[in-house]
Structure formats: structure tokens, C-alpha cells
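In: A predicted structure for the sequence below; I have some questions about it.
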Amino acid sequence: DIQMTQSPSSLSASVGDRVTLTCRASQSISSYLNWYQQKPGKAPKLLVSAASSLQGGVPSRFSGSGSGTDFTLTISSLQPEDFATYYCQQSYSTPLTFGPGTKVDIK
Amino acid sequence: QVQLVQSGAEVKKPGASVKVSCKTSGYIFTGYGISWVRQAPGQGLEWMGWISPYNDYTNSAQNFQGRVTMTSDTSTSTAYMELRSLKSDDTAVYYCARLGDSFCSDDICYLRGGWFDPWGQGTLVTVSS
């Protein structure tokens, strides 16, 4: 199974900050990497698929990059509605696996 | 718009079974796979498996093989997940989600777009004696 790790596990940031979240796969997954945002009590929401393809309706302050084993999700200017937990997920092979998440909260 | 609406919360005793439904609308049901993902309280996301409603092909995670059955009803565009022999650590919110692109060849299906979008609202299953 492909193991996914994320760093940091949590971070505190202020509105307007540039934030970079990291996801690493235990083996190369090409660009088969997806990012989700989850707010408390809600289902996850897909932000980015295939490492860098921003989903419709997702603000352009979000961007994804990377390939192989190392990936990043960047929020260029953090907004109040962005405080949430972010998960990466590999879709290179089954079982599909998620990272443990990065919780972004208010400094 | 594409919607997935799940059945309501359940409380079960250890050893029992639970069946969660996921009614879809807004797209061609047989054109996309449906996956099941669970989240224990305060924990991360765990993939359980997926079904192709096109031919009922299923692929489940090793952790759940033998205990989970995924089915679909094309007449109502509804997917189902049944989990048997429940234990207390099966207490979780269970989500269905539509998968990205897949294709089937010779009764086996493959994921081309293994992302989950959109998701159902979740069903809380509590296992307690």
C-alpha cells in the first residue's frame, strides 16, 4: 500500500498569510494526487485533482504542484473561510489512501 | 447539480450489521463509480472500497474484505454499503462519494480519475452495547 504523510500536522496562521502544505508519498505516484478541505462536521470538499488541476468554483488563491513523491498545496493569501483541515489522497493505485491531514487554525 | 444524499444515523450493537444508502441525482449513475470512505471520531479518512454501477464490479480495501458488501440499484440511482460483524471501533461517519473517471473491460473496472467529488453528507454509525 502507498503511505501518505503530511507536514506539518497543524499550523497557526493569520489572515493574509501565504501558507504551504506538504504531502509526500512512500513511492512515486506521478501526478495522481488530490487535495481536499474539510471543515468541522462537514464532508470533505475536493480542491485540486491530478496534483495541479483546480476544481471549478475553488478560489484561485489555492494552487497545487508537484509530481513523483513530493507535493504542495499553497494558499496565497489565507482567508477566514480557509481555516480547516486539509487532506491529500493518492489515486495511483488501490487501496486509495489519504494523508493524516494538516489542520490550519487562526493564530 | 450532482447530489449524493445518504440515509440517516444508525445505532447498532456489536456483532450486528448496518446498511447505508447513497441516493444520487444530477448525472448518469452508471457513468461513474461510487466510493465509500469512513472517518472515526476525531480521526482521518479511510477508504473502504468502490463499486462501478455499470456492471457492479467492486474493489474493497483489505481491512474490510469479507465484512463489507457494496451494491447498486440502477433503477433508483442508489448505492449501498453493508458492513457486518460490527465492532466498537467501526463507530464512524461513513461517506459515499462519486469517483472521477473509470472504465471497464472484460468485467474488470479501472480508475482513471480516482478523486472523490462530490461527497454525500455522511452517515454516523454508532456501535455500542
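Out: Cool, the structure landed. Residues are numbered from 1 along each chain as shown, chains lettered A, B, ... in the order given.

In: Residues of chain A that sit close to chain B?
Out: A:32, A:34, A:36, A:43-46, A:49-50, A:55, A:87, A:89, A:91-92, A:94-101 (C-beta under 8 Å from any C-beta of the partner chain). Bear in mind the C-beta positions are built from the backbone N, C-alpha and C, glycine included.

In: count of neighbours near residue B:7?
Out: Close neighbours of residue B:7, defined as other C-beta atoms under 10 Å in any protein chain shown, add up to 17.

In: So it versus chain A, what's the distance?
Out: Residue B:7 sits 15 Å away from chain A, going by C-beta to the nearest C-beta, to the nearest Å.

In: Could you do residue B:26 as well?
Out: Distance, residue B:26 to chain A, by C-beta to the nearest C-beta: 14 Å.

In: ok, that residue - contacts?
Out: Shown in contact with residue B:26 (C-beta atoms under 8 Å, 6 or more residues apart in numbering or on different chains): B:1, B:2, B:3.

In: Find the nearest non-adjacent residue to the last one, please.
Out: In other words, residue B:3. residue B:25 (5.0 Å; C-beta to C-beta, 6 or more residues apart in numbering or on different chains).

In: where exactly do the strands run in chain B?
Out: Assigned by DSSP state E, the strands in chain B fall at B:3-6, B:10-12, B:18-25, B:34-39, B:46-52, B:57-60, B:68-73, B:78-83, B:92-99, B:102-105, B:108-111, B:116-119, B:123-127.

In: Just put those strands in JSON lines and tack on mean neighbour count.
Out: Output for the strands of chain B, formatted as JSON lines (neighbours: other C-beta atoms under 10 Å in any protein chain shown):
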{"stretch": "strand B:3-6", "mean neighbour count": "18"}
{"stretch": "strand B:10-12", "mean neighbour count": "15"}
{"stretch": "strand B:18-25", "mean neighbour count": "19"}
{"stretch": "strand B:34-39", "mean neighbour count": "24"}
{"stretch": "strand B:46-52", "mean neighbour count": "23"}
{"stretch": "strand B:57-60", "mean neighbour count": "18"}
{"stretch": "strand B:68-73", "mean neighbour count": "18"}
{"stretch": "strand B:78-83", "mean neighbour count": "22"}
{"stretch": "strand B:92-99", "mean neighbour count": "24"}
{"stretch": "strand B:102-105", "mean neighbour count": "12"}
{"stretch": "strand B:108-111", "mean neighbour count": "17"}
{"stretch": "strand B:116-119", "mean neighbour count": "23"}
{"stretch": "strand B:123-127", "mean neighbour count": "18"}
